[in-house]
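Peer 1: okay, here's the prediction I keep looking at, along with the sequence it came from:
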Amino acid sequence: MVRRGGRSRLGCLFSTLVVATVLYYGVGIGGVYVRYWQLADQMNELAMLAPSLDNATIQRRLVRKATDLGLPPAAHQFVIRRYDRPPEIRIAAAYEETVELPFTTYTIHLHHEARAAL
């Protein structure tokens, strides 16, 4: 019978450390993308409702959503355009979020454009 003396405990400790590190970094970066998807969902929804809403109402609702999500000021600037041919609306937003983590800082560039027929 061969005794391993602690190798399995070290392997378990190392695996736990790796998982904890991935979770720690993932929560910080993942939060950015969750907020982005929430804003993109609101943009898509308002684009679908555009035939019954004016641009000022759409802008107001989007700014309120961006504020509720705690997004940076650049995320509060939306470009809303209506086109005749083909009849459609386009709502666009572009912004950056900075995530500060131990030993590094990430700047994530985000852009979304919602389109819907009018």
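Peer 2: Yep, it's here. Since we're looking at a predicted model, the values are computed, not measured. Numbering: from 1, shown residues only.

Peer 1: show me what whichever strand or helix holds residue 29 is packed up against.
Peer 2: With the criterion set as DSSP states H and E, the secondary-structure element containing residue 29 is helix 7-48. When contacts are defined as 3 or more CB pairs under 8 Å, 6 or more residues apart in numbering; DSSP states H and E, helix 7-48 packs onto helix 55-68, strand 88-101, strand 104-117. In short, each C-beta sits where N, CA and C put it, glycine included.

Peer 1: off-centre distance for that helix?
Peer 2: Chain-centre distance of helix 7-48: 11 Å, with CA atoms, centre = their mean, to the nearest Å.

Peer 1: ok and that helix relative to strand 88-101, angle-wise?
Peer 2: Using axes from the mean of the first three to the mean of the last three CA atoms, to 10 degrees, one finds that helix 7-48 and strand 88-101 are set 150 degrees apart in direction.

Peer 1: what's near enough to touch the spatially most central residue of the chain?
Peer 2: Computing the C-alpha centroid of the chain and ranking residues by CA atoms, centre = their mean puts residue 36 first, at 2.1 Å. Contacts here follow CB atoms under 8 Å, 6 or more residues apart in numbering; on that basis residue 36 touches 110, 112.

Peer 1: tell me how many other residues crowd residue 22.
Peer 2: Other residues near residue 22 number 10, with proximity taken as other CB atoms under 10 Å.

Peer 1: thanks again, I'm all set now.
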